[in-house]
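**Q** curious how this folds, go ahead:
(2 chains)
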Amino acid sequence: MSLKLHNTLTGQKEPFVPRTPGAVGMYVCGVTVYDLCHVGHARSAVVFDVIRRAFEHRGYRVTFVKNFTDVDDKIIRRAQEEGVPARELAERYVAGYRQDMVALGVRAADVEPKATEHIPQMVALVQGLIERGFAYAVDGDVYFEVRKFPRYGRLSGKRPDELRLGARVEVDERKRDPLDFALWKRAKPGEPAWESPWGPGRPGWHIECSAMSMHYLGASFDIHGGGEDLVFPHHENEIAQSEASTGQEFVRYWIHNGFVNLGAEKMSKSLGNVLLVRELVKRHDPEALRLYLLQTHYRHPLEYAESRVGETGRALERVRILFEEAARAPGRPGRAGTGERFGEEIAAGRRRFEAAMDDDVNTPQALGALFELVRVLHAYRAEAGPADPAFQAGVAELGRLGGVLGLFGGTGRGAEPPPELRERIEALVRARGEARARKAWAEADRLRGELARLGVIVEDTREGTTWRWRG
RNA sequence: GGCGGCGUAGCCAAGUGGUUAAGGCGGAGGUCUGCAAAACCUCUACUCAGCGGUUCGAAUCCGCUCGCCGCCUCCA
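**A** The predicted structure is shown next:
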């Protein structure tokens, strides 16, 4: 059994065969840093973070590269509007992106290259394309000549002739064909610019990904990913540039994630209906948001529903209680485990989980397996007690598998009350315990209500009274 | 106009030729509890937008119809 992935190039699920046994080279288009990122960016980031983890779980050595586009028209315009240097604006949103990724549990890539730090590589690529006859310079601009690359359109299934018919492409008299796209743009006064054989200018959007991906992963590598909107023209153009330049197959597997939609509409900055990650993680538990995003298969469109994120939080709660129980068990002996059947159930859950992940990273199905494990573990704990070694091992296994999705990170993460409240809470819990011992139920219930107002849930179990902080 | 996707329970969402159609949320009943909470147990789609067809057999394949969405332009 090998890991299967849906390859946009073939439109099919294919067994993943790495170029180098045991290793994966993976490049994902990151963000253009001219604003804070929204839930759509979050989905893409989470999805590829999980794909990376899935490979690692299977024992692959992964080299993961995710770029920042830090020079582009929108950045320049924004910077001018705000009256700050483009570089400063870009740095600000790089930092903003990283902060949001930490909140979402998205690990940093192994390499996070910025376009502005790889200008020489881009110039060299463009120069090579001119020498090979695939590109031409006009008045300080350089264009890729699409007609010279016969395989153009293979990724997106679009034929140059059909595109021409529908042409809503901006007409530029200096281009030999409307489909030709910019590799290098001449700088207008006041714009960021770098020296080049064609005069001062900056790279086109597509060339940066070709240059950086090949710089870090080689002329030919395993996986290139991004949002489905990048299939055309961005990735199509990357293939044309790269393969025209090297004569080699650029990428073996193209992976694209589906969009996040809002109501009837696609979310987009031009429509002004964006949901910023920065805002969402204030309203919701970030881990619940991550779990919510993974409950839909990565290639399917996701209709964002605010209320569902909260509901997902309740499912997460059920999992966290398990980890909390396991964590506080030491020192509280349970009865001897009834081991064997339970162990088999855990193993079966793991197999289901791994089979789902192997099948085109089917996270909804994998989560199904995990939640079944959650139920089994709760049931077993009720019987054997939280200190049972098999229970402890089962929870640990759940944690490992959850980790492949970047979930269930810590035991009761974020579930600690402010230190200054702790003493008061414990005093109230003790007082309530004493009241209960006297069978002073009204008094006990009053104290429970007071604790609830502080954000504390008290529970009386067979093993005594416990409490949980839920803010 | 071209290309692609979707329509599964109250809601979300897997499943894409053959065991009882995963899982989550919600709901109903029960066990436990002083009462709760949490947890567990049982139930909650004889049916997969509709209509035809292929097949021994289809939610799964084919055709048509209806509805929804994305890409073709910067966009995760």
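
**Q** and the residue in chain A that RNA strand B sits nearest to, bridged to which residues?
**A** Using Cβ to the nearest atom of the strand, the closest approach of chain A to RNA strand B is made by A:Gly227 at 1.9 Å. (Each C-beta comes from the backbone N, C-alpha and C, glycine too.) Beta-bridge partners recorded for A:Gly227 (DSSP bridges): A:Asn257.

**Q** going by neighbour count, list what's buried in the host helix or strand of A:Leu377.
**A** For A:Leu377, the host element (DSSP states H and E) is helix A:363-384. Within helix A:363-384, the residues that count as buried by 16 or more other Cβ atoms under 10 Å are A:363, A:365-370, A:373-374, A:376-378, A:380-381, A:384.

**Q** so the residue of chain A closest to RNA strand B sits against A:Ala42, correct?
**A** No - applying Cβ atoms under 8 Å as the test, A:Gly227 and A:Ala42 come out as separate, 11.4 Å apart.

**Q** who has more neighbours, the two?
**A** A:Ala42 (25 against 19; other Cβ atoms under 10 Å).

**Q** surely the more buried one is in a strand?
**A** No - under DSSP: H, G, I helix; E, B strand; the rest coil, A:Ala42 falls outside any strand and is assigned helix.

**Q** next, count neighbours for the nearest residue to it once chain neighbours are set aside.
**A** Distance criterion Cβ to Cβ, 6 or more residues apart in numbering; nearest residue to A:Ala42, sequence neighbours excluded, is A:Val277 at 5.0 Å. By other Cβ under 10 Å, 25 other residues sit near A:Val277.

**Q** A:Val277 and A:Tyr97, how far apart?
**A** Relative to A:Tyr97, A:Val277 is positioned 9 Å away (Cβ to Cβ, to the nearest Å).

**Q** next: A:Ser245.
**A** Counting by Cβ to Cβ - A:Ser245 and A:Tyr97 are separated by 29 Å.

**Q** can you pull out the helices in the stretch 301-450 of chain A?
**A** A:306-327, A:340-358, A:363-384, A:389-404, A:419-437, A:441-454 (DSSP state H, counting those that start in this stretch).

**Q** make TSV out of those helices and add distance to RNA strand B and mean pLDDT.
**A** Converted to TSV, the helices of the stretch 301-450 of chain A look like this (distance: least, Cβ to the nearest atom of the strand, whole Å; pLDDT from 0 to 100):
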stretch	distance to RNA strand B	mean pLDDT
helix A:306-327	3	91
helix A:340-358	7	92
helix A:363-384	3	94
helix A:389-404	12	94
helix A:419-437	5	90
helix A:441-454	4	91
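
**Q** can you lay out those as TSV showing distance to A:Asp139?
**A** What follows is these, written out as TSV (distance: least, Cβ to Cβ, whole Å):
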stretch	distance to A:Asp139
helix A:306-327	50
helix A:340-358	52
helix A:363-384	49
helix A:389-404	52
helix A:419-437	66
helix A:441-454	69
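
**Q** so which of these gets nearest A:Arg19?
**A** Smallest distance to A:Arg19 across these (Cβ to Cβ): 19.5 Å, for helix A:340-358.

**Q** could I get the buried residue list for the closest one?
**A** Quick answer for helix A:340-358 (16+ other Cβ under 10 Å): A:Phe342, A:Gly343, A:Glu345, A:Ile346, A:Gly349, A:Arg350, A:Arg352, A:Phe353, A:Glu354, A:Ala356, A:Met357, A:Asp358.

**Q** how about stretch A:447-457?
**A** By 16+ other Cβ under 10 Å, the buried positions in stretch A:447-457 come out as A:Leu447, A:Arg448, A:Leu451, A:Val456.

**Q** just stretch A:196-203 next, same as before
**A** Neighbour counts using 16+ other Cβ under 10 Å place A:Ser196, A:Trp198, A:Gly201, A:Arg202, A:Pro203 of stretch A:196-203 among the buried residues.

**Q** among the residues you listed, which ones are in helices?
**A** Of those, none are assigned to helices by DSSP state H.

**Q** show me which of those neighbour RNA strand B.
**A** Among those, not one lies near RNA strand B by Cβ under 7 Å from any atom of the strand.

**Q** any chance of CSV for these, columns pLDDT?
**A** As requested, those are arranged in CSV below (pLDDT from 0 to 100):
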residue, pLDDT
A:Ser196, 96
A:Trp198, 96
A:Gly201, 95
A:Arg202, 95
A:Pro203, 95
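
**Q** and the buried residues of helix A:363-384, which two are the farthest apart?
**A** Across the buried residues of helix A:363-384, no pair lies farther apart than A:Thr363 and A:Ala384, at 30.2 Å, counting by Cβ to Cβ.

**Q** strands of the stretch 1-150 of chain A, residue ranges please.
**A** Ranges of strands in the stretch 1-150 of chain A, per DSSP state E, counting those that start in this stretch, are A:4-7, A:12-15, A:23-32, A:61-69, A:135-138, A:141-144.

**Q** for the stretch 201-350 of chain A, same thing?
**A** According to DSSP E, counting those that start in this stretch, the strands that the stretch 201-350 of chain A contains are A:201-203, A:221-227, A:251-257, A:260-262, A:265-266, A:302-303.

**Q** list the contacts for the residue lying closest to A:Asp72 once chain neighbours are set aside?
**A** Spatial nearest neighbour of A:Asp72, chain neighbours left out: A:Thr32 (5.3 Å); criterion: Cβ to Cβ, 6+ apart. Residues counted as contacts of A:Thr32 (Cβ atoms under 8 Å, 6 or more residues apart in numbering) are A:Thr69, A:Asp70, A:Asp72, A:Lys74, A:Ile75.

**Q** before we move on, what about A:Arg328?
**A** By Cβ under 8 Å, 6+ apart, the residues touching A:Arg328 are A:Pro386, A:Thr466.

**Q** mean confidence for stretch A:281-290?
**A** Mean pLDDT, computed over stretch A:281-290, is 92.

**Q** ugh, typo on my part, it should be stretch A:459-467
**A** On average, stretch A:459-467 scores 84.

**Q** chain center to it: distance?
**A** 38 Å (Cα atoms, centre = their mean, to the nearest Å).
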